[in-house]
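Student: Can you look at this prediction? I've put the sequence above it.
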Amino acid sequence: MDEAHGSGGNRLHPCRLGIEAAVGQPCDQAAHRKAEGSRGGRPPTIDGQAHERRHAASACPQHRAVATRCDELALRYQATIHVAAINIRLHHTWSTTWTSNA
């Protein structure tokens, strides 16, 4: 479940299919649900590991294709992640080697 699909109707369909939300509800929506009391419904369950993985992908500012997840094909997105991971690893190795030799 993505941040853009936070409305009740958009959360209800995946919930019926057994898909848990990876992004929590905004504070104002949670406060409104709490104010409704027993009529507010049950808060959506959040998969903490899925949220951490999504945050790790979004935390790549130099790789917008990874952060925005806009590829239509899963294989292309996976290839983009591999290229970004290689780039990050090479950058880390290069910067570590460069600073240790100075």
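Tutor: Great, that's in hand.
Student: which secondary structure element contains Asp28?
Tutor: Using DSSP states H and E, the element containing Asp28 is helix 27-35.
Student: my bad, Asn87
Tutor: Assigned by DSSP H and E, Asn87 falls in helix 74-101.
Student: Arg53 now?
Tutor: Assigned by DSSP H and E, Arg53 falls in helix 48-58.
Student: can you list the domains in the protein?
Tutor: Listed by automatic domain parsing, the domain ranges of the chain are 1-59, 64-102.
Student: counting contacts, what elements does the helix holding Asn87 pack onto?
Tutor: helix 64-68 (3 or more C-beta pairs under 8 Å, 6 or more residues apart in numbering; DSSP states H and E). For every residue, glycine as well, the C-beta is placed using N, CA and C.
Student: average pLDDT across the helix it packs on?
Tutor: When pLDDT is averaged over helix 64-68, the result is 74.
Student: Could you count how many residues lie near the spatially closest residue to Cys60 that is not a sequence neighbour?
Tutor: Spatially, and ignoring its direct neighbours in sequence, Cys60 is nearest to Val66 (4.8 Å; C-beta to C-beta, 6 or more residues apart in numbering). Val66: 22 surrounding residues under other C-beta atoms under 10 Å.
Student: Leu73 too?
Tutor: 8.
Student: I'd like the numbering to begin with 791 instead of 1 from here.
Tutor: Renumbered: residue one is now 791, and that last one reads Leu863.
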